Structure formats: C-alpha cells, structure tokens
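Visitor: got a sequence here, can you model it:
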Amino acid sequence: MASDAGPGPVAQRDEGRSPRPERNAHPFVVPVAALRKQVGSVRHVVVEGLLSGLGHLGVSVPEGAMVHADLGLCSDPGGVTASGTVSADWVGECRRCGGAVEGRVMAAVRERYVPEDAADEDEDAYRMVDDVIDLEPLVRDAVLLELPLAPLCAETCLGLCPQCGTNWNESPCDCRPAADPRWAPLDELRDPPG
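Guide: Reported below is the predicted structural model:
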C-alpha cells in the first residue's frame, strides 16, 4: 500500500487501522500483524524520515534531509521479508580538489525479519517485536554501505597543486614538479655541474 507524506517527520499511513501512537511515533516502525495472518501476503509501504549520524570520512546525509524507503513486505513462514530500495541525498568533499560534491544514494535491499523467539534460528535476520518491524536499522545500514568512500566532483578533476595549493580546475600555476630525491644521482649524470 502506498503511503503519502504527511506533516512532520512521520510519512507513513496505514489506512483502515488505528495504530497505537507509541508504535507509530517513528516513521520507520511498521505494524505487520495483519500481513502475517496469511503466508504469501504482500504489502507495499513507502516511508521516509530523518536519521541523524549518517556519514563517514567527510561524506554524509545532511541533517534535515529525508531518507526514503520504498519497500514490499511479504509474509513468509516464520517472518516477513522486506525488499525494495532505500534512497537519500548526500554531500561531501572531492578527494582531489576539496570542493563540494553532492549526489544521491540508491540502494537495493532485501532482508528478513523474524520474531524475537525465533532469533536463534536465523541469526542474520532483523528482529520483529510483537508483530512490529523497525525498518530504521535496515535503512541506516543500506545508506551507510552505499555512501561513496572517496567522491569526485568530476572524473576529470585535476586536483590541487601540492606546492602552492592552486586549484588546477580553475587555473594553472607556475610551480615546477617537485624533484624526487631518489632520482638525485641520475639528475647529476644528466646535468653535470659546470
């Protein structure tokens, strides 16, 4: 079932039901009791919300940017499988010139949720408590794994001069390449003194 974005950080709606407020206070918490009544049942959910602390090494999802999940939930024997896409905008620094870079993460996900009492049987699955699944860990993991480790402003970025710091994308400089001291004996043969 598709959901519409509403006011505030919660952007999930479950029509025809009145979920308890404490369970729906977080946008990534989804009740699945009705879905689990019949194996093979499918439900489409679209949720989005704010997640803080998504970033590493100078690349991050900006504070205040929505993280979006478009997922199909399928009831299967012993649990629920969530599959679909997770997306978010990111900002960072170019690894060559230090300029601002931005982009969008789009991660494909497929994970299984099992009740807490069945957790020992499927150690890799996420936990489900009282027929409620929390998609936040799945969404957070997907975004963090897809953020670029060393983004570039452009594949053709020329970077900075290591001597004077001029951004070679904007203008050249008059610096000569630094001499490699390992080649000094050969330089003396090429250019003998006197």
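Visitor: which residue is nearest the centroid of this protein?
Guide: The structure's the chain has its C-alpha centroid closest to residue 143; by Cα atoms, centre = their mean the separation is 1.5 Å.
Visitor: isn't that residue up against residue 53?
Guide: No - with contact defined as Cβ atoms under 8 Å, residue 143 does not count as touching residue 53 (10.6 Å). Heads up, the C-betas are built off the backbone N, CA and C, glycines and all.
Visitor: contacts for the helix ranked longest in the chain next, please.
Guide: Among the segments of the chain that qualify as a helix by DSSP state H, the longest is helix 136-146. For helix 136-146, the external contacting residues (Cβ atoms under 8 Å, 6 or more residues apart in numbering) are 26, 28-29, 51, 54, 56, 61, 67, 69, 82, 86, 88, 105-107, 109, 111, 126.
Visitor: repeat that for stretch 56-64.
Guide: The contact list for stretch 56-64 (Cβ under 8 Å, 6+ apart) reads 50-52, 54-55, 67, 88-93, 105, 143-144, 147-149, 151.
Visitor: quick one: the strands in this protein, in order.
Guide: Assigned by DSSP state E, the strands in the chain fall at 29-31, 42-50, 55-56, 59-60, 66-76, 79-93, 100-115, 126-129, 132-134.
Visitor: tell me which of the ones you listed is the most buried.
Guide: Among these, strand 29-31 has the highest mean neighbour count (mean count of other Cβ atoms under 10 Å), at a mean of 22.
Visitor: what bridges to the closest residue to residue 82 other than its chain neighbours?
Guide: Closest residue in space to residue 82, ignoring its immediate chain neighbours: residue 71 at 5.0 Å, by Cβ to Cβ, 6 or more residues apart in numbering. Beta-bridge partners for residue 71, by DSSP bridges, are residue 45, residue 84.
Visitor: OK, contacts around residue 71?
Guide: Contacts for residue 71 (Cβ under 8 Å, 6+ apart) come out as 44, 45, 46, 47, 82, 83, 84, 85, 109, 135.
Visitor: for the chain, give me the ranges with low pLDDT.
Guide: 1-25, 119-122, 191-194 (pLDDT under 70).
Visitor: run the last query once more with 90
Guide: For the chain, the stretches flagged by pLDDT under 90 are 1-27, 33-34, 37-40, 53, 56-58, 76-78, 115-131, 162-163, 175-194.
Visitor: per the record, what domains does it have?
Guide: Domain assignment for the chain by automatic domain parsing gives 1-156, 158-194.
Visitor: what's around residue 57, how many residues?
Guide: Taking other Cβ atoms under 10 Å as the criterion, the count of residues near residue 57 is 13.
Visitor: measure it to residue 151 for me?
Guide: Separation of residue 57 from residue 151 (Cβ to Cβ, to the nearest Å): 10 Å.
Visitor: swap in residue 143?
Guide: Taken as Cβ to Cβ, the span from residue 143 to residue 151 is 15 Å.
Visitor: before we move on, what about residue 74?
Guide: Remark: distance between residue 74 and residue 151 (Cβ to Cβ) = 35 Å.
Visitor: ok, now residue 160?
Guide: Distance, residue 160 to residue 151, by Cβ to Cβ: 16 Å.
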